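**Q** quick one, what's the 3D model for this:
(2 chains)
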Amino acid sequence: MLEIKNLHARIAEDGTEILRGVNLTVKAGEVAAIMGPNGSGKSTLSYVLAGREDYEVTEGDILYNGESILEMDPAERAAAGIFLAFQYPMEIPGVATMEFLKVAMNAQRKARGEEELKIPELMKRVRAAAESLSMDMAMLKRPLNVGFSGGEKKRAEILQMKLLEPKLCILDETDSGLDIDALKIVADGVNALRSPDRAIVVITHYQRLLDYIVPDTVHVLYRGRVATSGDKELAVELEKNGYAGLVGEAA
Amino acid sequence: MNVQTQIKRTAAEEALLAAFAERGTKLPGDAKVAERREEAVLLLQRGLPNRKVEAWHYTDLRRLLSAVPSFDAGGPAAPRAPLLEGSFVLPVLNGVATPPLAIDGVAVSKVADRLADGSLAPLLRLEGSDDTVSAINAAFAADGFVVDVPAGAEVAAPIELQNIQAGGQVHTRFAVTVGEGAKATFVERQAGEGDAFVSSVSHLQVEDDAEVLWLILQEQPEGANHLGRISLTMGKRAKVTLFVMNSGGKLVRQELRIVAEGEGSELRLRGVNLLAGDTHCDVTMVLDHAAPHTVSTETIRNVVTGRAEGAFQGQIRVARHAQKTDAKMACNTLLLSDEGGFSAKPELEIFADDVACGHGATVTEIEADHLFYLMARGIDEKTARGLLVKAFLAEVVEELENEQMVDALEARLNTWFAEHG
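**A** As a prediction, this is how the structure comes out:
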């Protein structure tokens, strides 16, 4: 589903190279964890996948279902089924959360040639998704993410993910700022989305989240490339020995 | 020895003076009105103001209004569907008021008749040598509506005053009095189809304890030049919301002359200026806090795209005895293009010592982070920008308690953005 080939990317503004030849393949139905120390390029990778303009791809390619997405803007990528759950979801004053959900869901449906959802059906879906994440509907009457606590923002991201039903989910440090109860709720939400035709990429600094979202593969990103890959045992090992041992001499 | 430098008149100045010479005597009015018109023309003879005149610094009228059309309309003008369903509509079409509608408990008459009998003569008085909008209007105003809401009345539906043009020149007056303790909502609609030159002056007198919501909706076509002015006087404890929305016109000047005359009066001024293409739009406010315990808030939000230019001049004057005045003014601009611009000039003149007055101005662009976030959810760039523009304006629009009005204005924001965003 996702093939990242020798991906090099730099910060557009100052030319600092962050990704230095990332190679990674994630198959449909797979849950892949990307771990790595701070500054290894994890968040950059998630932004580059989503199409953020602040980064420039200088070499390599990203194939999604066999086709390059480098020329697609973020909205086109999202409509094609790529979803990024942000590490720091933006607060957008003046944009009502419900209105935003309606516009986003219908924009994607329209891009896929599906009919727009009528308000009652939309409300039904939002209510069901909110309930499964123990979110208060009153929150959705507020402007998007404004005044939400860190945990509420993360839940709101998963809520959007549930509603938009993407094919490739990228979760960027979704566990940061969550207490254990919230973490379980969020993990349940993600696990409910596991399916043979969907791939999930979990970016995380700690192994903790992977106790709840058990990955099929684990990849360690270090200095802008995948230093090593393995299965979930690799995550356990990392937790025990830290990154230094694994990336070895380089660290 | 005095040296008189004779500046060559512009085509517009020539045309206005020639038009007055030709039409002046045929305009409605008694001797007092004729006298006022002559005074107005005296001001025009000195030429239109240029940027050296402080009040016109951001709008060099002499340069921008280089020519004016003849008085002939291009065709018939038709009334518009009101902004708010169920409104009483009073249309002035190509400068001529239609026969007044009977509104329960409200007296409505035509400006032409009230000029003829001289009763409106005092309203044609000018306020200073830079009062060019009043002067042009006073020289040529022929019609409009006079509306009197009696004390204690609560008008059942909004009253929409329409000034609709189909080209040529249109000079219209509205004079509204809202009696003691009365409540009313007005929409002043400035619109049309032609490349007209329009002046429109409104007088709004709000008596003690009365409550008024007055919405100015200027949506002239892109070839029309529009000079608007509202002169508002507030009595004791009067509460007025004045909402101005500009979304059209080529050269637009909207003046707001406000006097908080009565103790405890409250003004809420909100402005939304949507500027696109080659529009030049200037909103100039002069507000006198002339009594103690008067409160005012002014919030102006501007969205600028294309090569449009805008200006807001906000002058607040607090009289020596107007203690406990509370005034807060803000002017925020969202620039969507590199070629457009907006100037904000706040001015506070405070002669009382126990007051709270503040002002602020900001100019921002759409935040790239916000745009990315929305697009990452599949919302295309144009729609995403539209949501963010709407978000920028939502605060001022949604403050209006009237839900029907909020919906109607938001629909207009959407239409404007679909066309110009």
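
**Q** contacts and neighbour counts: CA atoms only from here.
**A** Will do.

**Q** the bottom helix or strand of chain A by mean pLDDT?
**A** helix A:232-247 (a mean of 80; mean pLDDT, DSSP states H and E).

**Q** summarise which helices and strands that one is packed against.
**A** strand A:217-222, strand A:225-230 (3 or more CA pairs under 8 Å, 6 or more residues apart in numbering or on different chains; DSSP states H and E).

**Q** please work out which of these is packed deepest.
**A** strand A:217-222 (a mean of 23; mean count of other CA atoms under 10 Å in any protein chain shown).

**Q** list of residues touching stretch A:24-44?
**A** Stretch A:24-44 is contacted by residues A:1-5, A:18-19, A:55, A:172, A:194-206, A:210, A:214-226, A:243 when judged by CA atoms under 8 Å, 6 or more residues apart in numbering or on different chains.

**Q** and the strands in the stretch 101-250 of chain A?
**A** A:143-144, A:168-172, A:199-203, A:217-222, A:225-230 (DSSP state E, counting those that start in this stretch).

**Q** mind putting these into a markdown table with mean pLDDT and distance to residue B:12?
**A** Below are the strands of the stretch 101-250 of chain A laid out as a markdown table (pLDDT from 0 to 100; distance: least, CA to CA, whole Å):
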| stretch | mean pLDDT | distance to residue B:12 |
| --- | --- | --- |
| strand A:143-144 | 93 | 50 |
| strand A:168-172 | 96 | 64 |
| strand A:199-203 | 96 | 68 |
| strand A:217-222 | 94 | 71 |
| strand A:225-230 | 92 | 70 |
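
**Q** who in the stretch 101-250 of chain A is up against chain B?
**A** Counting by CA under 8 Å from any CA of the partner chain, the positions of the stretch 101-250 of chain A adjacent to chain B are A:103-105, A:107-108.

**Q** poorly predicted segments of the chain, please.
**A** All of this refers to chain A. For chain A, the stretches with pLDDT under 70 are A:245-251.

**Q** you answered for a different chain; I wanted chain B.
**A** B:1-6.

**Q** show me what contacts the spatially most central residue of chain B?
**A** Centrality entry for chain B: nearest residue to the mean C-alpha point is residue B:254, 4.0 Å, by CA atoms, centre = their mean. With contact taken as CA under 8 Å, 6+ apart, residue B:254 is in contact with B:227-230, B:281-284.

**Q** could I get the residues you listed as CSV with neighbour count and distance to residue A:164?
**A** Listed next are these as CSV, based on neighbours: other CA atoms under 10 Å in any protein chain shown; distance: CA to CA, whole Å:
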residue, neighbour count, distance to residue A:164
B:227, 24, 49
B:228, 25, 48
B:229, 24, 50
B:230, 22, 50
B:281, 30, 42
B:282, 25, 44
B:283, 24, 44
B:284, 22, 47
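
**Q** C-terminal to the helix or strand encompassing residue B:200, what's the next element?
**A** For residue B:200, the host element (DSSP states H and E) is strand B:197-206. Where DSSP H and E defines the elements, the next helix or strand beyond strand B:197-206 is strand B:211-219.

**Q** next structured bit after that following strand?
**A** Going down the chain from strand B:211-219, the next helix or strand is strand B:225-234, by DSSP H and E.

**Q** how far off centre is that following strand?
**A** For strand B:225-234, the separation from the chain centroid amounts to 5 Å (computed by CA atoms, centre = their mean, to the nearest Å).

**Q** among the contacts of stretch A:24-44, name the buried ones.
**A** Buried members of the contacts of stretch A:24-44, counted by 16 or more other CA atoms under 10 Å in any protein chain shown: A:1-5, A:18-19, A:55, A:172, A:194, A:198-206, A:210, A:214-226, A:243.

**Q** if I pick residue A:136, what's in contact with it?
**A** Applying CA under 8 Å, 6+ apart, the residues contacting residue A:136 are residue A:130.

**Q** before we move on, back to that, who wins for neighbours among the residues of the stretch 101-250 of chain A next to chain B?
**A** residue A:104 (27 neighbours; other CA atoms under 10 Å in any protein chain shown).

**Q** just checking, that one touches residue B:379?
**A** Yes: the pair residue A:104 / residue B:379 is scored as a contact, 5.5 Å apart, by CA atoms under 8 Å.

**Q** coming back round to it: please report how far the residue nearest to the centre of chain B lies from residue B:41.
**A** The gap separating residue B:254 from residue B:41 is 21 Å, by CA to CA, to the nearest Å.

**Q** what's the answer for residue B:85, then?
**A** As judged by CA to CA, residue B:85 and residue B:41 stand 41 Å apart.

**Q** ok, those two, which is more surrounded?
**A** Neighbour count, other CA under 10 Å: between residue B:85 and residue B:41, residue B:41 has more, with 23 against 12.

**Q** what helix or strand is that one located in?
**A** Assigned by DSSP H and E, residue B:41 belongs to helix B:31-45.

**Q** again with residue B:58
**A** Element membership for residue B:58 (DSSP H and E) is empty, with no helix or strand holding it.

**Q** pretty sure the residue nearest to the centre of chain B is in a strand, no?
**A** Yes: according to DSSP: H, G, I helix; E, B strand; the rest coil, residue B:254 belongs to a strand.

**Q** returning to that earlier point: of all the helices and strands packed on helix A:232-247, which one is nearest residue B:70?
**A** Between residue B:70 and those, the tightest spacing by CA to CA is seen for strand A:225-230, at 73.4 Å.

**Q** what bridges to the residue nearest to the centre of chain B?
**A** residue B:228, residue B:283 (DSSP bridges).

**Q** quick one: the helix or strand residue B:148 falls within to chain centroid distance?
**A** Secondary structure from DSSP H and E places residue B:148 in strand B:143-149. In terms of CA atoms, centre = their mean, the centre of strand B:143-149 is set 17 Å apart from its chain centre.

**Q** can you give the contact residues for it?
**A** Under CA under 8 Å, 6+ apart, the answer for strand B:143-149 is B:90, B:92, B:95-97, B:105-112, B:155, B:161, B:171-179, B:182, B:184.

**Q** list the ones among those residues that fall in strands.
**A** Residues of these located in strands (DSSP state E): B:90, B:92, B:96-97, B:107-110, B:161, B:171-178, B:184.

**Q** near chain A, list only the ones from those residues.
**A** For chain A, no contacts are drawn from the ones in strands among the contacts of strand B:143-149 by CA under 8 Å from any CA.

**Q** let me know the angle separating the strand holding residue B:148 from strand B:197-206.
**A** Interaxial angle, strand B:143-149 versus strand B:197-206 (axes from the mean of the first three to the mean of the last three CA atoms, to 10 degrees): 10 degrees.

**Q** list the contacts for residue 212?
**A** Assuming you mean chain A. Residue A:212 is in contact with A:184, A:187-188, counting by CA under 8 Å, 6+ apart.

**Q** if you could check chain B rather than the one you did, that'd help
**A** B:178, B:183-186, B:206, B:239-241.

**Q** quick one: which of these has the most company?
**A** residue B:206 (30 neighbours).

**Q** quick check, that one in contact with residue B:237.
**A** No: here residue B:206 lies out of contact with residue B:237, judged by CA under 8 Å, at a distance of 9.8 Å.

**Q** show me where chain B has helices.
**A** Secondary structure of chain B by DSSP state H: the helices cover B:11-23, B:31-45, B:61-64, B:111-116, B:132-140, B:368-375, B:381-398, B:403-420.

**Q** perfect, I'm done here.
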